[in-house]
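>>> Sequence first, predicted coordinates after that:
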Amino acid sequence: MSSPYIPCLDLGSYINGTEEQKLKFSNDLGLAFTNSGFVTITNHGISQDLIDKLYENIKGVFSLPTAVKQHYEKPELAGQRGYTSAGKETAKGAKTADLKEFWQIGQVVSDGDVIKSEYPENEFLKEIPDFNTVTREIYVQLERNGKYLLRAIATYLNLPVDYFDKHVHNGNSILRGIHYFPIENPDALPADAVRAGAHEDINLITLLIGASADGLEVLTAQGEWLPIKAHHSDLVVNVGDMLQRLTNNKLKSTTHRVVNPPRELMKTSRYSVPFFLHPRSDMDLTSLPSCIDENHPKLFSDMTAGEYLDERLREIGLKK
Ligand SMILES: O=C(O)CCC(=O)C(=O)O
Ligand SMILES: [Fe+2]
């Protein structure tokens, strides 16, 4: 579903389009990122078959016995690889942890790049071998889509089209499979317990795949919560704090949340799979000079992506 606030854009018109179509896509994406910070993306080239396999596998992981899942939970990895159980992640500023468990998959470096030593190995889920290959394939395909979107955004920002390429090559991106578990006894929940508390994403951009289930809402500039309705196979893409910082708030990292279902659906699960596109840790997030002027004074201190990520993981309780 397309609205002027959260438009649906055709990525095929950028990847295979004429110069004119590419420019139109860049402009439409830039305007949406300036207004709501959100778009939906169609024609992303990821097959429905692969998306279906992804969800089958994600469901499989979370139905494993608790003891098996906990074997893959490594506190020293701060939730960045493998399993994270319920009660560990709390939205910045919130008191009660989110009602979710998740599994994270990180970058695989295979071209000899020395950055490999910065990244922990992925946890190999031996109970479901397919899970490892399917999520890796999804990781690669979402990363490819993300790179095109950043090229389009570079053009919108009057930067060289390949501005982000070197920063995101072998970047610290994360694929996160989330299970919002059934709420068996809603009356026993703390009043402020939600599936995902209001938050902004940390990274450059987020690509959410198969986000058709209800629950995701975005906070509009007018202070209203707007449900996001994406067509089953479309991606939901939003700006994260790193891109907002780089552009001195020109592109908006908009607050969003996942609400609890209505009472009659409390005992059902919700699954989702966001891909948090991160740059390499040494990317300088100092706001671009072109985004700073008399009417837009510099808002943020200068930091690298690595320093910023570390600060944020502490704020949400994943890093001690
Ligand atoms: O589950 C969703 O639809 C969104 C999840 C989300 O916003 C996040 O994990 O940052
Ligand atoms: Fe988010």
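Ah, there it is. Numbers count the residues shown, from 1 in each chain. Ligands and ions are numbered 1, 2, ... in the order given.
>>> got the residues of this structure near ligand 1?
Ile178, Ala196, Asp201, Leu208, Ala211, Leu216, His256, Val258, Ser272, Pro274 (CB under 6 Å from any ligand atom). In short, each C-beta sits where N, CA and C put it, glycine included.
>>> Enumerate the beta-bridge partners assigned to the residue nearest to the first one when sequence neighbours are not counted.
Nearest-residue entry for Ile178: Phe102, 4.6 Å, with adjacent residues in sequence omitted and distances by CB to CB, 6 or more residues apart in numbering. When bridges are taken as DSSP bridges, the partners of Phe102 come out as Thr84, Ile178.
>>> Cross-check the contact I'm expecting between Phe102 and Gly177.
Yes. Counting by CB atoms under 8 Å, Gly177 is a contact partner of Phe102 at 6.3 Å.
>>> Show me what residue of this protein gets nearest to ligand 1.
Here the chain gets closest to ligand 1 at one residue, Ser272, 3.3 Å apart by CB to the nearest ligand atom.
>>> Scan this structure for its longest helix.
What stands out as the longest helix in the chain, according to DSSP state H, is helix 129-156.
>>> how far is that one from where the chain is centred?
Here helix 129-156 is found 11 Å from its chain centre; the criterion is CA atoms, centre = their mean, to the nearest Å.
>>> same question, stretch 18-27
The answer for stretch 18-27 is 25 Å, by CA atoms, centre = their mean.
>>> which residues sit against it?
Leu9, Asp10, Leu11, Ser13, Tyr14, Gly17, Ala152, Ile153, Thr155, Tyr156 (CB atoms under 8 Å, 6 or more residues apart in numbering).
>>> ok, 10 Å please
Residues outside stretch 18-27 that contact it (CB atoms under 10 Å, 6 or more residues apart in numbering): 9-17, 148-149, 151-157, 161.
>>> just the buried members of those residues?
9-11, 13-15, 148-149, 151-157 (16 or more other CB atoms under 10 Å).
>>> Let me have the residues of the chain next to ligand 1 in a markdown table, adding distance to Ala78, neighbour count and secondary structure as columns.
Supplementary listing: the residues of the chain next to ligand 1 in a markdown table, determined by distance: CB to CB, whole Å; neighbours: other CB atoms under 10 Å; DSSP: H, G, I helix; E, B strand; the rest coil:
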| residue | distance to Ala78 | neighbour count | secondary structure |
| --- | --- | --- | --- |
| Ile178 | 17 | 23 | strand |
| Ala196 | 18 | 22 | strand |
| Asp201 | 17 | 24 | coil |
| Leu208 | 22 | 26 | strand |
| Ala211 | 25 | 24 | coil |
| Leu216 | 25 | 25 | strand |
| His256 | 22 | 23 | strand |
| Val258 | 22 | 24 | strand |
| Ser272 | 21 | 25 | strand |
| Pro274 | 17 | 23 | strand |
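>>> Lowest-confidence member of these, which is it?
By pLDDT, Ala211 ranks lowest within the residues of the chain next to ligand 1, coming in at 62.
>>> Perfect, that will be all.
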